[in-house]
Structure formats: C-alpha cells, structure tokens
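*Asks:* generate coordinates for the sequence data below:
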Amino acid sequence: MSPLCERLTTDIAGQLAFGQPLNTQVEATNRLFPRAMVSMNGLVNIFMSWPMVSRTWPLLRRLNKRNGLTFIKAIQDIVQRRMTIPQDGKHDFYSIAAGDGGLAADTLRNSELWAEAVFFLPAGGTTLSAALSAIFFYLSRDLNVYSRLATEIRTTFSSEDQIKSGAQLSGCKYLRATIDETLRVAPPFTGTLWREPYSDYNQPFVVDGKVIPRGTMVGVNPYCIMHNEEYFPEPFRFRPERWLESEQESIDEEKQRVTMRAAFAPFALGETGCLGKGMAYHEMSLVVAKTLWRFDFQKASGQLGKLGEGHPGQKGGRNRVEEYQLLDLAVADHDGPNLTFSPIGNGF
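*Replies:* Below you'll find the model as predicted:
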C-alpha cells in the first residue's frame, strides 16, 4: 500500500496546488516525486537534529546534482504549465498565491510561489500517504474495527456519489474516531520540532521543577507524547472507541477524554500547527470511505502479510507485531502493508 498511497496523495497534491494531473498512479513519468520527497525529508530531519551538519549541504547538493536537477525541472514544468492557463482558470493554490496578474516565467525561481511549491507538494503527498498506509494496516488487522467502520460507511451512504464533503461524511463518527486513533498510534510526522523556549529572558523556563538553561533547544516528540500511558491508557492498543463519547460516561472518563485531546498533537500545536489539518481529515475520510464502499480487503496471506509489522525480539521498540512500523525522516517513511482486495459481494 505504501507506493500506491504515495502516488494517490501526490496526484491529489498536484491537483490542489497547480491543477496538474501528475498521473503517477497510471504513468511512470512523475513517479520520482514521492521518493524524492522522502529523500529530502530525511535530509531535512538530519539538519533539524544536528544543525552543524547542514554546512555539508553544498557538498551533498553537488553529489546529488543529477537527481536534484531532475526534481527541480519537474516542479518547474508543473508550475509553468499552470502559468499558461488564466490565473482564475482553476480553483487551486496557484490561483490564490500567484498574486494579482499572475507571475512572469523569468521570476518564478526567485518567487515565494516557488518556495511554496517545493514545500506544498511534499507536505501534501508524503504525510498523508503515511497516514493512509497506517489506517489500512490497522483496519486489516482488527476485524472488529473493520466490521464496525464498514457497516457505518455502507449504511450511511446509499450510493458512492453521496460520499463527498457534507453532513453525511462528517456525521460518520466512527470513521473520524478511526482516523484519530490512527494519527495517534502512527503519527505521520515523527520528527521533533526543536526550539529555544525563552521569549522573555527575565523569567526562567521550568519543566517538572527543573530549570532549563538558556540556549538549550527543547522539543516534545509527537510519537512519544501520544504513547504516554498517563494520557492514553493502553497506548499501544489500536482502539478507536477511546475517542467516542458514551451516554453513561463517568466524570473520570470525561476528564480522561479532555486530557487525551490536550495531548493529541499529530499536526503539532500552537505556532507550529499544520494549516492543512482540515484538508488532511477530509482527504483521509474520502479515501477510506470510498474504498470501503467499493471493496472488502484483508492482509495478504503468508510472509507477504507481515510487511509493516514489528518482529518479536527485535530491539529499539520494534518488537510489537501489531504496531505499524514507521521510520523517522521528519515525515514518517513506511513500507506496507500488503493487502488483498475484492469487490463488495465477491468474497475472497
């Protein structure tokens, strides 16, 4: 599912940004995009963790000149094709960001739009592909969750055409709970956003009774906080029900839910919060709902079905078989799962 989800989300990002059908799902031409994005994320993650290493960027850029030029040329072609269409010809990111009168071709590389394009395509593609791959992993391994979600989708909508933005889709409470639980157990952004905490140097910065020295970079990793048992009981168990309110909820349960929401940060919080949060929820909801409307699926049989799992005895926290394995490249990298699909009613 990893390459399929990467291509899907890359195509969606291309349409949203510049109204361009990248067609990575059906053609090989632009398939360099998803993997190039992942490679760049890995490099950015290294620079975030060890800023001194960023001084090697000129050398790394020279060593990777061929792939870098190919990536830049591809983005440039996408933007320039969009520039041949009237600015208001499509309702996309370009129509909003290009400014009055559009943008001249000779100023493209020095424009803010260019920087936004280089950021928007990876951000819109790689993060959501990680989230979608994870939700397919967990649904294929928990038949109770799968059955409840499939029932909700198939009883809420009477036709696939109804699966679109609106009250019906937003009313699918278990779908939203499943997405939230996926984002909690497998956050698509696994990097730590480091920052120096002192905005007012007249006051000490204290954490758990300890003064953090000035100049110290601090950060909270989203995976760690969303697997903290103090906030999320049974943190490694995939349980969407934790996000649903019950009619007979006790005061303690209500307090626990408030605590969970406060610690729930797959899109970061405050000034670092992701502006695309609403779009991410909408895209995931549409993809999952349309998939379950058309298909039944299960994990592949035999060894193929183990792709994406942890392995018993493996060190570094990768021993949990039922946990989807993520690699920290700032935006999570991933591999799997392998699934078998069948049209509704055809069986396996």
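
*Asks:* report the buried residues of the helix or strand that contains F71.
*Replies:* Using DSSP states H and E, F71 sits in helix 65-83. For helix 65-83, a neighbour-count test (16 or more other C-beta atoms under 10 Å) marks 68, 71, 74-75, 78-79, 82-83 as buried. Where C-beta positions appear, they are placed from N, C-alpha and C, glycine not excepted.

*Asks:* likewise stretch 245-256?
*Replies:* So for stretch 245-256, counting by 16+ other C-beta under 10 Å, buried means Q256.

*Asks:* can you give me how far that stretch is from the chain middle?
*Replies:* Put simply, stretch 245-256 sits 30 Å off its chain's centre (C-alpha atoms, centre = their mean, to the nearest Å).

*Asks:* got the end-to-end distance for it?
*Replies:* Terminal residues of stretch 245-256 lie 11 Å apart, using C-alpha to C-alpha, to the nearest Å.

*Asks:* now do that stretch, average pLDDT.
*Replies:* For stretch 245-256, the mean per-residue pLDDT is 82.

*Asks:* can you say which helix or strand has the most centrally placed residue in the chain in it?
*Replies:* Nearest residue to the geometric centre of the chain (C-alpha atoms, centre = their mean): T127, 2.7 Å. Per DSSP H and E: T127 is located in helix 112-139.

*Asks:* ranges for the strands of this protein?
*Replies:* Secondary structure of the chain (DSSP state E): strands located at 205-207, 210-212, 295-299, 339-343.

*Asks:* quick one: strands adjacent to the second one?
*Replies:* Just to be clear, that refers to strand 210-212. strand 205-207 (antiparallel) (DSSP bridges).

*Asks:* now do the strand it pairs with: distance to the chain's middle.
*Replies:* On C-alpha atoms, centre = their mean, the centre of strand 205-207 falls 31 Å from that of its chain.

*Asks:* was I right about the residue nearest to the centre of the chain contacting T190?
*Replies:* No: in this structure, T127 is not within contact of T190 by C-beta atoms under 8 Å, at 10.3 Å.

*Asks:* shared neighbours of these two, which are they?
*Replies:* By C-beta atoms under 8 Å, 6 or more residues apart in numbering, T127 and T190 have these common neighbours: 331-332.

*Asks:* G171 - how many residues pack around it?
*Replies:* Burial of G171 is recorded as 11 neighbouring residues (other C-beta atoms under 10 Å).

*Asks:* ok, it to M260 distance?
*Replies:* Using C-beta to C-beta, to the nearest Å, G171 is found at 22 Å from M260.

*Asks:* and the spatially closest residue to L339 that is not a sequence neighbour, bridged to which residues?
*Replies:* Distance criterion C-beta to C-beta, 6 or more residues apart in numbering; nearest residue to L339, sequence neighbours excluded, is F297 at 4.9 Å. Beta-bridge partners for F297, by DSSP bridges, are F341.

*Asks:* contacts only, for F297.
*Replies:* For F297, the contact set (C-beta under 8 Å, 6+ apart) comprises 136, 139-140, 291, 339-342.

*Asks:* if I look at the residue located most distally from the centre of the chain, how far off is R214?
*Replies:* The outermost residue of the chain relative to its centre, with distances by C-alpha atoms, centre = their mean, is N202 at 38.5 Å. Going from N202 to R214 by C-beta to C-beta gives 11 Å.

*Asks:* what's the answer for D208, then?
*Replies:* From D208 across to R214, the span is 18 Å (C-beta to C-beta).

*Asks:* those two: which has the busier surroundings?
*Replies:* R214 (11 against 4).

*Asks:* distance of the more buried one from G278?
*Replies:* R214 is 37 Å from G278, by C-beta to C-beta.

*Asks:* from the buried residues of helix 65-83, pick the one nearest E323.
*Replies:* F71 (32.3 Å; C-beta to C-beta).

*Asks:* shaky segments in the chain?
*Replies:* 63-68, 99-119, 122-123, 198-201 (pLDDT under 70).

*Asks:* re the thing from before, send the alpha carbons of the helix holding F71 over as CSV?
*Replies:* Output of helix 65-83 as CSV, limited to C-alpha atoms (Å, rounded to 0.1, in the frame of the first residue of the first chain):
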residue,chain,number,x,y,z
LYS,A,65,23.1,17.1,-8.5
ARG,A,66,21.5,14.9,-11.1
ASN,A,67,18.5,13.8,-9.1
GLY,A,68,18.2,17.3,-7.7
LEU,A,69,18.0,18.9,-11.1
THR,A,70,15.5,16.3,-12.3
PHE,A,71,13.3,17.1,-9.3
ILE,A,72,13.6,20.9,-9.8
LYS,A,73,12.9,20.6,-13.5
ALA,A,74,9.8,18.5,-12.9
ILE,A,75,8.4,21.1,-10.4
GLN,A,76,9.3,23.9,-12.8
ASP,A,77,7.4,22.2,-15.7
ILE,A,78,4.3,21.7,-13.5
VAL,A,79,4.2,25.4,-12.4
GLN,A,80,4.9,26.7,-15.9
ARG,A,81,2.2,24.6,-17.4
ARG,A,82,-0.2,26.1,-14.9
MET,A,83,1.0,29.6,-15.8
